[in-house]
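> sequence plus predicted model, see below.
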Amino acid sequence: MPMQSNPSRSGRVFLAVRSFKRFALRRLVDATCLDYYGGIGDHLLLATIARELKRRGGRHVFIISDYPELFRGNADIDRAARPGSRLAWAFMKIAGERVIHPSYLINQDTVADTRDQPPDPAVAYMCRMAGITGSVDLRPYIYLSEDELAWGARFQGCIAVQSTGLSARFPALNKEWYPERVAEVAGHLIRSHPVVQIGSPSDPSVPTTYDLRGKTSLRQLAAALAHCRMLVGLEGMPMHMARAVECPSVIVYGGRLRPDQIGYICNENLYTPMHCAPCWRDSHCDFGRACLDKITARDVIEAAERLLSRPREGLAVESYEIV
């Protein structure tokens, strides 16, 4: 009587061989896939992680992002794809256990509007989640083509102004300053520099030379900022994009987050160190947002004048040691 094969054993052998082949392929490719869901500015921070991975010998970095155009022309990133696409699925298959979901939002409770503060600056904590140790540079990167830079050249020497962040993907009232104070600042600065307003069509208007509200793609916004003398704005996407293209900024923080937790040392950062700050809350506040109210238009104007007194080139970069 012929011997009967053992289906369960043959099945296990098949699965073991397939698993070994996948493992060997992943070792050969040495790929990391960064998969992120969040605001546009946070997506841009993935470029920082990619840079640090490549600095440490990583062979391939793939990104899954709602904004793959942010990473066009970036040599640190092999490919970027939108979530749910076949390409994104392929990235995850190739990377295997090296699919990373970096975030600095710890124990977030959206109902109570609370979260724990990360132990490192936000982008450094995201790097830590990707297994990175040692010194990292706290700045994002975006690379523009010659044609894109030529498009933005008309804004050379302008001051970019952001009046609100309420049109953001994830708006937060505790990031909001006062549009009428922004208008006062813009009205002062336009006496010496052309002013370009960025943002969405519904954003409150300020005195401007050029109105770009709702008229640019993300890369066109980056191209305009690449030529601007500086940005006056709030903590959020324009701040990260300005830093990525070497444009210094005056940023109104209030007290929601400290500048050292998510900002850049090359900027003029206005922070109010109250007993409740930093609260890391998006919109709930028991103190009437006094941290924002304490920052006057004159404070922002003086910060802008300090920044204007410094050369635009060679922005300082802060390094942070992940142990």
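Looks like it came in fine.

> contacts and neighbour counts: CA atoms only from here.
Will do.

> give me the element the closest residue to Ile100 other than its chain neighbours is part of.
Excluding the flanking residues, the one nearest Ile100 by C-alpha to C-alpha, 6 or more residues apart in numbering is Leu34, at 5.0 Å. Element membership for Leu34, per DSSP states H and E: strand 31-35.

> run me through the strand neighbours of that strand, direction for each.
strand 60-64 (parallel), strand 99-100 (parallel) (DSSP bridges).

> helices or strands next to whichever helix or strand comes after that strand in the packing?
Heading C-terminal from strand 31-35, the first helix or strand you meet, by DSSP H and E, is helix 40-44. With contacts taken as 3 or more C-alpha pairs under 8 Å, 6 or more residues apart in numbering; DSSP states H and E, helix 40-44 sits against helix 237-244.

> for the helix it packs on, list the C-alpha coordinates in PDB.
Coordinates of each C-alpha in helix 237-244 appear next as PDB, following Å, rounded to 0.1, in the frame of the first residue of the first chain:
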ATOM      1  CA  MET A 237       2.400  73.200   8.300                       C
ATOM      2  CA  PRO A 238       3.700  76.500   6.900                       C
ATOM      3  CA  MET A 239       6.200  76.700   9.800                       C
ATOM      4  CA  HIS A 240       7.600  73.200   8.900                       C
ATOM      5  CA  MET A 241       7.600  74.000   5.200                       C
ATOM      6  CA  ALA A 242       9.400  77.300   5.600                       C
ATOM      7  CA  ARG A 243      12.100  75.500   7.600                       C
ATOM      8  CA  ALA A 244      12.400  72.800   4.900                       C
END
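
> contacting residues around it?
39-42, 44-45, 139-142, 222, 225-226, 231, 233, 248-249, 251, 264 (C-alpha atoms under 8 Å, 6 or more residues apart in numbering).

> what about Arg86, distance to Gly288?
According to C-alpha to C-alpha, to the nearest Å, Arg86 and Gly288 sit 47 Å apart.

> then Pro259?
Going from Pro259 to Gly288 by C-alpha to C-alpha gives 21 Å.

> compare those two (neighbour count), which wins?
Pro259 (22 against 10; other C-alpha atoms under 10 Å).

> so what touches the strand holding Leu34?
46, 58-65, 91-92, 94-95, 98-102.

> quick one: average confidence on stretch 135-150?
For stretch 135-150, mean pLDDT is 98.
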